[in-house]
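>>> Mind folding the following:
(2 chains)
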2 protein chains.
Amino acid sequence: MPSDNILIIGGGPAGLEAARLLADIGSKVTLVEKRDFLGGTPIAERYAALTHGFGDAEEMMNGMIERVVNNPLVEVRLSSTVTAAEGEAGNFKVSLAKGGNGSGETVVEAGAVIITTGFQHFDPGRETQMYGYYEYPDVITLTDAEGMLKDGHFNRPSNGEVPERVCFIQCVGSRDRQIGNEFCSKVCCGISSKQAIEVRQISPTSKVFIFYIDMRMYGYWENEIYWPAQEKYHVQYIKGIITEIIKKGDRLLIRGEDTTMGRPMEVPMDIVVLAVGMEASQGTRQMAQIFGIRQNKYKFIDVPHDSLDPVATSVAGIFVAGAAAGPKDLDDSIGMAGTAAIKAAGLLRQQ
Amino acid sequence: MPSDNILIIGGGPAGLEAARLLADIGSKVTLVEKRDFLGGTPIAERYAALTHGFGDAEEMMNGMIERVVNNPLVEVRLSSTVTAAEGEAGNFKVSLAKGGNGSGETVVEAGAVIITTGFQHFDPGRETQMYGYYEYPDVITLTDAEGMLKDGHFNRPSNGEVPERVCFIQCVGSRDRQIGNEFCSKVCCGISSKQAIEVRQISPTSKVFIFYIDMRMYGYWENEIYWPAQEKYHVQYIKGIITEIIKKGDRLLIRGEDTTMGRPMEVPMDIVVLAVGMEASQGTRQMAQIFGIRQNKYKFIDVPHDSLDPVATSVAGIFVAGAAAGPKDLDDSIGMAGTAAIKAAGLLRQQ
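Sure, this is the predicted structure:
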């Protein structure tokens, strides 16, 4: 008999939104999350403010979480991982293991599955050694910076001093053929600009620079973040490529080319923020394997790019939402979540 | 008594998708379209290929239309406009007039409303006179180019000859404070690059240039369109600003600045394509007025930018999907459509 349950894998923004929207139309949901808490990357990586009106990330995610945890139609399973799956649209049987040790295995029946296992940040120490991420404490990532901003300061990790000069380097792990990530991660320009504003708010004496290839502030980010960053907060945007970071005294020296001026540059900095891009998370890669879903060359879940169906996967009855399908912003993730949810519900009705 | 009907206003991609997805979960829909055909801008403006695998726009839209027109749960009202509205979430009463003359007025009851009235292209002859759009037949827009590509040619409108040199000018009507459109229209970089590829396919002897401020090819467009345009089709991208187009002999002369090289340029062209941006359509502006919905300063329907609710409007029970809420690509529109649809259905269930 077909199952009237929908399984959502991943308790970040896309998974939470899909669960809530399904419950709102009366569908039964099992939400599986491998961590022992909900909220996904914004909570796990301690995001400070979201680009949405600079709202507090934790508060906003808690709002999403509350609508799900006290919902009689949503069964939340924390600390649980998917270990195996069989069946087909209408009748999936999915094995879950509790905790890391595989104990307490249970089987969940589901008529449809929505995969919302998200992304992970590119590790800039892994391959792009030229930036010295593991070597210099004052070379940090966007994620490290979020944590500092959440704690209300933006001082040099090496000595606790307020930085005189801070820069952001865009496209670290994105638009980079050498490491195999040719794609654009879509949100880093916006997040960097948001952080640049926050740095200027916290440390008005710090000079802030953003080195970029193209500023990809599509839609309203242009007005809400990019213009204020330049005009109100005097963040300096420089089209240029940074090829090396070295230590000079107790400061950092960045070397590269200002491509607008067509000349090499060598500039001292106190904090360098690497705008790390998105890669397929381990969970995304594992779910693709377990469910036999086609992945693209970057290991994200492949959606059919020749159709108007951005939440479909290669397996009927399995949908994808959010950054499990490649770089997405939060509005994308929520849009995909709603569409995946209503498609899953529609499928079950036809069974 | 609350109505179990959902009213969708606008029969383009977002409206069609919302209608189909609602019918799939058993919801009743009235779909109102002011034109006498469905399909929205891609059909009305004769789009050639979509960026989705370069699929035929008419065929792809027809696929969406078919799922709606033969659907017993969807009542389609063509050639109909909304003239008045009253009521509140759960109980809207919306007056429709058939045709342009206001005859045959009827009232539709709806528990929720989804506005999918889209955008209109910026008219480059209106304010940016420096490009001579109304003056020179070989100065065309992205939309004009779509029509030519759909007809399978890309010859000079002035004399029917194959162009030696073609260029695209980005951000016409976008990112422009002088005309009051500071926002980025999000899709023009991608559509221009798609067309540049198509021009090279049709006329391999034509040289093709794209003048841009920033190339905003987010996500996979980078790989699917931007890289092939450069490497396989030898489209030349030049960071620069074109300030004037004049006539020289039977050709056009474009004047501006190459901002990478930091020098003025003056280049002859045979066809100039203006990458016109998006503005709020007349229908979007009218619906905002009739339903008393807040608009942003560009007259798009305002969504709450400080919340994770990209399909909400300022009026409970009224949702928005697609470019009625500002520049969107087709995947955005479909994502919003699904989310607006499931939220509308959820609202009705709670009444």
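>>> A:Leu31 contacts A:Gly11, doesn't it?
Yes - assessed by CB atoms under 8 Å, A:Leu31 is found in contact with A:Gly11 at 5.9 Å. C-beta here means a position set from N, CA and C on the backbone, and glycine is covered the same way.
>>> which neighbours do the two share?
A:Leu38, A:Val76 (CB atoms under 8 Å, 6 or more residues apart in numbering or on different chains).
>>> A:Tyr218 belongs to a helix, doesn't it?
No - according to DSSP: H, G, I helix; E, B strand; the rest coil, A:Tyr218 belongs to no helix; its state is coil.
>>> Tell me how many other residues crowd it.
24 (other CB atoms under 10 Å in any protein chain shown).
>>> On the three-state scheme, the residue nearest to it when sequence neighbours are not counted is what?
Among residues not flanking A:Tyr218 along the chain, B:Lys186 sits closest, at 4.3 Å (CB to CB, 6 or more residues apart in numbering or on different chains). With three-state DSSP as the basis, B:Lys186 sits in coil.
>>> Please report how far B:Lys186 lies from B:Lys328.
Taking CB to CB, to the nearest Å as the measure, B:Lys186 falls 7 Å from B:Lys328.
>>> Compare these two (neighbour count), which wins?
Remark: of B:Lys186 and B:Lys328, B:Lys328 carries more neighbours, 28 against 25, as counted by other CB under 10 Å.
>>> residues in contact with the spatially closest residue to that one that is not a sequence neighbour?
Leaving aside its sequence neighbours, B:Lys328 sits nearest to B:Gly322 (CB to CB, 6+ apart; 5.6 Å). Contact partners of B:Gly322, counting by CB under 8 Å, 6+ apart, are B:Gly10, B:Gly12, B:Pro13, B:Ala14, B:Gly15, B:Thr116, B:Gly118, B:Lys328, B:Asp332, B:Ser333, B:Met336, B:Ala337.
>>> Which of the residues you listed fall within helices?
B:Pro13, B:Ala14, B:Gly15, B:Asp332, B:Ser333, B:Met336, B:Ala337 (DSSP state H).
>>> Distance to B:Arg175 and neighbour count added to the residues you listed, as JSON lines?
Below are these laid out as JSON lines (distance: CB to CB, whole Å; neighbours: other CB atoms under 10 Å in any protein chain shown):
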{"residue": "B:Pro13", "distance to B:Arg175": "24", "neighbour count": "29"}
{"residue": "B:Ala14", "distance to B:Arg175": "24", "neighbour count": "34"}
{"residue": "B:Gly15", "distance to B:Arg175": "28", "neighbour count": "32"}
{"residue": "B:Asp332", "distance to B:Arg175": "19", "neighbour count": "26"}
{"residue": "B:Ser333", "distance to B:Arg175": "21", "neighbour count": "28"}
{"residue": "B:Met336", "distance to B:Arg175": "23", "neighbour count": "33"}
{"residue": "B:Ala337", "distance to B:Arg175": "27", "neighbour count": "32"}
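>>> quick revisit: residues touching the residue nearest to A:Tyr218, list them.
Contact analysis of B:Lys186 by CB under 8 Å, 6+ apart lists A:Tyr218, A:Gly219, B:Arg216, B:Met278, B:Pro327, B:Lys328, B:Asp329.
>>> try 7 Å this time
By CB atoms under 7 Å, 6 or more residues apart in numbering or on different chains, the contact set of B:Lys186 is A:Tyr218, A:Gly219, B:Arg216, B:Pro327, B:Lys328, B:Asp329.
>>> all strands for the stretch 101-250 of chain A, in order.
A:103-110, A:112-115, A:119-121, A:139-141, A:165-172, A:207-212, A:236-248 (DSSP state E, counting those that start in this stretch).
>>> For the third one, which helices and strands make contact with it?
Judged by 3 or more CB pairs under 7 Å, 6 or more residues apart in numbering or on different chains; DSSP states H and E, strand A:119-121 is in contact with strand A:278-280.
>>> The strand it packs on pairs with which strands, and in what direction?
Strand A:278-280 pairs in its sheet with strand A:119-121 (antiparallel), by DSSP bridges.
>>> Can you pull out the residues in contact with the strand it pairs with?
Contacts of strand A:119-121 (CB under 7 Å, 6+ apart): A:Thr141, A:Thr143, A:Val276, A:Met278, A:Glu279, A:Ala280, A:Ser281, A:Gln282, A:Ala323.
>>> what about A:Ser307, which helix or strand?
Following DSSP states H and E, there is no helix or strand that holds A:Ser307.
>>> Assess the claim that it and B:His52 are in contact.
Yes - A:Ser307 is in contact with B:His52 according to CB atoms under 7 Å; the separation is 6.4 Å.
>>> These two: which has the busier surroundings?
The neighbour comparison of A:Ser307 against B:His52 (other CB under 10 Å) goes to B:His52, with 19 against 14.
>>> so who does that one touch?
Each residue near B:His52 by CB under 7 Å, 6+ apart is listed here: A:His305, A:Asp306, A:Ser307, A:Leu308, B:Leu330.
>>> what's the distance between it and B:Tyr298?
Relative to B:Tyr298, and taking CB to CB, B:His52 is found at 27 Å.
>>> repeat for A:Gln236
Taken as CB to CB, the span from A:Gln236 to B:Tyr298 is 28 Å.
>>> So for those two, which sits in the more crowded spot?
Neighbours per residue (other CB under 10 Å) separate A:Gln236 from B:Tyr298, with B:Tyr298 holding more: 17 against 13.
>>> Which positions in the stretch 51-200 of chain A make contact with chain B?
With CB under 7 Å from any CB of the partner chain as the criterion, the stretch 51-200 of chain A meets chain B at residues A:His52, A:Gly53, A:Gly55, A:Met60, A:Met64, A:Arg175, A:Glu182, A:Phe183, A:Cys184, A:Lys186.
>>> and if we set it to 10 Å?
Neighbours of chain B within the stretch 51-200 of chain A, by CB under 10 Å from any CB of the partner chain: A:51-55, A:60-61, A:63-64, A:174-175, A:177, A:182-187, A:189.
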